[in-house]
Every structure is written in structure tokens, then in C-alpha cells.
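S.K.: Sequence plus the predicted model coming up.
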Amino acid sequence: MNLRCNAKRFFNITPKGHKSTLIEGDFHFQNNFKENLKNMIHQKQIEVNTLRRSIIDISSKITKFVVDSTISAGLCNVFIQHTSASLIICENADPAVQLDLESFLSNMVPDGDPKFTHNMEGPDDMPAHIRTILTDNSITIPIHSGKLALGTWQGVFLWEHRTSAHRRSVIMTIWS
């Protein structure tokens, strides 16, 4: 892809006397930029069924998406479209880690705590929202040599914070 630029260079003197450069102008892309952009971004939505409050390994689904994309280098963003479930990168070798995480958050944010006024969907409603805020709803992982650049003991997990079953939507996006 060729890039042609008709730009002007402006200099700005900062308060400490340093010169910074601002380039302003029109950038023109050739050789079918839209088609190239389409090949640079891949996206897929998956559904994950949960049975109850639990931590579910979704690494294999993300890995398959990355491998199928044939991208050798880039970034993979994973986003969950919910406010009462989250995504974490966590140890994948010892299930006791997940039990300890759940125990820790259960003590920190107990279900049915009388200080919570938002309980429209039950005693786990507000605690689930707080758990999500304390963890994450989006993570980004580098892609290196066509693979997720996770460490040896790392996996990507969906953490269901509600005590009943739910269907969770996860969107995966790759930029290369």
C-alpha cells in the first residue's frame, strides 16, 4: 500500500523552549485501502453458557480465532458485553487458584449485604456489578508468530458473577 501525503509542518515552542512538531495535511491511500483495512481487522462474536457463578476457560476459543485469522502479529481484544460477568487472565494450571479468587471476592463483596440498595434481580445483583468493576470487561493480548502471546501458565477466563445460569456474549477483535 502506498501513502501519499500533502502536508505542512508546523513548529511549536513549548514553555520550556523545546520545539515540538505538528504535521497537518491530507493523507491519500492508494491500492484499495478499504480492502487492505478489511484484511487487517477480524472480528467474531461467541456465546458462552454459564451454569452458575464460576470461572470458565475460554482460551481455546480465542486461540482458534487467532489461528484461523492467519495473522502473524497484532493485537487481540476480547470484550464481554455484560455488567455482571468479567474477563480475567489467570493461572490455568491449578484450579485452586480459581477457588481462592472466588473465596476472596465472596468475602470482599458478599451477596445479600444490606448496604446494597440495588437488588432488583436478587441478592447477587449488586455484588455481581461490583465484582465486574473490580475485574475487567475487556482484555488485549499481543499476537506473536501467529499465536496469542500468553505466558506458560496463563489462560483467558470468563468469570460469571451471578449465581444462576446466563448466556454471555463475547466479542473478539484482531488488529494486525
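M.R.: All right, it came through fine. Computed from a predicted model, the values in this text were never measured in an experiment.

S.K.: now this structure, which segments are flagged as low pLDDT?
M.R.: When residues are selected by pLDDT under 70, those of the chain lie in 1-39.

S.K.: again, 90 this time
M.R.: 1-40 (pLDDT under 90).

S.K.: all helices of it, in order?
M.R.: For the chain, the helices defined by DSSP state H occupy 33-40, 59-69, 96-108, 125-134.

S.K.: got those helices as TSV, with mean neighbour count columns?
M.R.: Backbone N, C-alpha and C define where each C-beta goes, glycine included. What follows is the helices of the chain, written out as TSV (neighbours: other CB atoms under 10 Å):
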stretch	mean neighbour count
helix 33-40	11
helix 59-69	16
helix 96-108	13
helix 125-134	19
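
S.K.: Minimum distance to Thr173: which of these has it?
M.R.: Distance to Thr173, taken as CB to CB, is lowest for helix 59-69 among those, at 9.6 Å.

S.K.: can you redo the helices of the chain as TSV with distance to Lys115?
M.R.: As requested, the helices of the chain are exported to TSV (distance: least, CB to CB, whole Å):
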stretch	distance to Lys115
helix 33-40	48
helix 59-69	36
helix 96-108	13
helix 125-134	9
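
S.K.: so Val109 makes contact with Arg131?
M.R.: Yes: between Val109 and Arg131 there is a contact under CB atoms under 8 Å: 5.8 Å.

S.K.: hmm, back to that, Ala149: which of the helices of the chain is closest?
M.R.: It is, among the helices of the chain and with distance given as CB to CB, helix 59-69, at 10.0 Å.

S.K.: just to revisit the earlier point, out of the helices of the chain, which is closest to Thr117?
M.R.: That would be helix 125-134 among the helices of the chain, by CB to CB, at 7.7 Å.

S.K.: ok and the closest one relative to helix 96-108, angle-wise?
M.R.: 120 degrees (axes from the mean of the first three to the mean of the last three CA atoms, to 10 degrees).

S.K.: who touches helix 125-134?
M.R.: If you take CB atoms under 8 Å, 6 or more residues apart in numbering as the criterion, helix 125-134 is touched by 82-86, 105, 108-111, 113, 116-119, 159, 161-162.

S.K.: Out of the residues you listed, name the ones that lie in strands.
M.R.: Ala85, Ser86, Trp159 (DSSP state E).
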